[in-house]
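*Asks:* fold the following, please.
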Amino acid sequence: MDKRGRDELRHTFGMAEGDIARVSPRIVAALPRLPAWQRCRIVAQVTESQYCLGGLEAGHRFVFDGGMLNTAESTAPLCLRALAPLAWYVELAFDRIMDGRDPNAILISTAQCMDPGLEGGGVGNVKFRLYAQEVP
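*Replies:* Model (predicted):
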């Protein structure tokens with residue numbers, strides 16, 4: 001691994017020198033795309049909400065920058081039943097970025113919370129529209 005890659009692992013992850021040598025070749029190959037990953041924002045915006053116990057309403061959004069929930073930019077109340085299924089989509093998008101692909105070309109554009117709603121034996125249900133954009 002070159003000096004730039006080692007510096008990136010030290011700076012971004014706070015990785016110890018001894019652990020840098022243990023990083024998988026797949027991650028080493030993706031390191032040049034790390035800045036693109038850090039500039040990427042995934043937005044999950046509520047499009048429909050019915051009987052949501054967590055208080056999510058149409059227009060609320062969760063914002064993920066560099067794979068982390070950005071609570072300052074998010075407007076939706078924190079709800080594990082909503083965030084848990086979104087985590088999979090966020091990770092999928094960032095995995096695609098690290099492979100050098102456009103996350104919007106691959107990202108499934110809709111998701112829903114874990115409560116299946118009245119039709120599925122639950123109570124409430126929240127649906128989201130997902131998209132990727134560059135962090136301003």
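*Asks:* these two touch, right, residue 108 and residue 131?
*Replies:* No - using Cβ atoms under 8 Å, residue 108 is not in contact with residue 131; the gap is 10.6 Å. Every C-beta, even on glycine, is put in place using the N, C-alpha and C of the backbone.
*Asks:* more crowded one of the two?
*Replies:* residue 131 (14 against 10; other Cβ atoms under 10 Å).
*Asks:* show me the strands in the chain, by range?
*Replies:* Residue ranges of the strands in the chain, as given by DSSP state E, are 40-50, 61-65, 68-69, 110-112, 125-134.
*Asks:* kindly list the longest helix within this protein.
*Replies:* helix 80-98 (DSSP state H).
*Asks:* by contact count, what packs against that helix?
*Replies:* helix 34-38, strand 40-50, strand 61-65, helix 103-106, strand 110-112, strand 125-134 (3 or more Cβ pairs under 8 Å, 6 or more residues apart in numbering; DSSP states H and E).
*Asks:* go through it and flag the buried ones.
*Replies:* 81, 82, 83, 86, 89, 90, 92, 93, 94, 96, 97, 98 (16 or more other Cβ atoms under 10 Å).
*Asks:* what's the answer for stretch 30-43, then?
*Replies:* Applying 16+ other Cβ under 10 Å to stretch 30-43 flags 30, 31, 34, 37, 40, 41, 42, 43 as buried.
*Asks:* now it: how far from the chain's centre is it?
*Replies:* The chain centre lies 11 Å from the centre of stretch 30-43; the measure is Cα atoms, centre = their mean, to the nearest Å.
*Asks:* now stretch 110-119
*Replies:* For stretch 110-119, the distance to the chain centre is 19 Å (Cα atoms, centre = their mean).
*Asks:* what sits against residue 49?
*Replies:* 56, 57, 58, 60, 124, 125, 126, 127 (Cβ atoms under 8 Å, 6 or more residues apart in numbering).
*Asks:* who does it form a beta bridge with?
*Replies:* Beta-bridge pairing for residue 49 (DSSP bridges): residue 126.
*Asks:* quick one: the residue positioned nearest the centre of the chain and residue 78, what's the gap?
*Replies:* What sits nearest the mean C-alpha location of the chain, by Cα atoms, centre = their mean, is residue 90, with 2.7 Å. Separation of residue 90 from residue 78 (Cβ to Cβ, to the nearest Å) stands at 15 Å.
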